[in-house]
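Novice: this one's sequence-less:
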């Protein structure tokens, strides 16, 4: 439920390369308890998209990528930031699938939306389901760099991916949410899928 509280003071603590850290004094209010102002620090995040790519054998594509904050290589779906002003979320997902996995998809649906860590940042994340896949021609492939340069790709049967999630072997939140949502949607004969252009009011405006 959308229920904003009045912000009486806003402070930029740190301007980062990708996201900022801010502090806000928030009036919690409440007629039964008088005025209460609290200070909250959080990360201002542009949002992101992730893609559960499912092939015609019901295998999901996972990429092993190094994440420095946790000092681990994690199994993740293709994903990326919504850091291009005004970029459509589906266009961003399609771009990330092509750049990170050398794939294009003819069919797109929305699997699940979530806030990644609402106690500490405002990142809204949408996970798409991509099907009817084909490869990007060799000459048109994106040259990956930095952490993406050495990513390892694996096609994992969806049921095996579910088992890995439930066993605690997978920790990326988009993998966890996306794999479980895909398995649930498949059990329901895909009836729970939303159109690729479904409204996404939780996404923070850009531009």
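Specialist: Perfect, thanks for sending it. Just so we're clear, the structure is a prediction, and the values are computed from it rather than from any experiment. Residues are numbered from 1 along each chain as shown.

Novice: Could you pick out the longest helix of this protein?
Specialist: For the chain, the longest helix by residue count, based on DSSP state H, is helix 173-187.

Novice: on contacts alone, who are the packing partners of that helix?
Specialist: Helix 173-187 is packed against strand 48-53, strand 59-67, strand 72-76, strand 103-115, strand 124-135, helix 158-166, with contacts defined by 3 or more CB pairs under 8 Å, 6 or more residues apart in numbering; DSSP states H and E. Backbone N, C-alpha and C define where each C-beta goes, glycine included.

Novice: For the ones you listed, give me TSV that also has distance to residue 145, mean pLDDT and mean neighbour count.
Specialist: Shown next, in TSV, are those (distance: least, CB to CB, whole Å; pLDDT from 0 to 100; neighbours: other CB atoms under 10 Å):
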stretch	distance to residue 145	mean pLDDT	mean neighbour count
strand 48-53	19	98	26
strand 59-67	13	95	19
strand 72-76	17	96	17
strand 103-115	19	98	18
strand 124-135	21	97	20
helix 158-166	27	98	17
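
Novice: Quick one, which of those gets closest to residue 152.
Specialist: Nearest to residue 152 among those is strand 59-67; the distance by CB to CB comes to 4.3 Å.

Novice: Identify the residues contacting the helix or strand just after the longest helix of the chain?
Specialist: Next helix or strand after helix 173-187 toward the C-terminus (DSSP states H and E): strand 194-195. Contact with strand 194-195 is made by 109, 110, as judged by CB atoms under 8 Å, 6 or more residues apart in numbering.

Novice: Name the spans of this protein whose pLDDT lies under the cut-off.
Specialist: Residue ranges of the chain with pLDDT under 70: 30-34, 146-148, 206-207.

Novice: So what touches the longest helix of the chain?
Specialist: 48, 50, 52, 54, 58, 60, 62, 74-77, 79, 111-112, 114, 116, 125, 127, 129, 158-159, 161-162, 165, 170, 191-193.

Novice: re the thing from before, export the helices and strands packed on helix 173-187 to JSON lines and tack on distance to residue 86?
Specialist: Listed next are the helices and strands packed on helix 173-187 as JSON lines, based on distance: least, CB to CB, whole Å:
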{"stretch": "strand 48-53", "distance to residue 86": "15"}
{"stretch": "strand 59-67", "distance to residue 86": "27"}
{"stretch": "strand 72-76", "distance to residue 86": "26"}
{"stretch": "strand 103-115", "distance to residue 86": "19"}
{"stretch": "strand 124-135", "distance to residue 86": "16"}
{"stretch": "helix 158-166", "distance to residue 86": "34"}
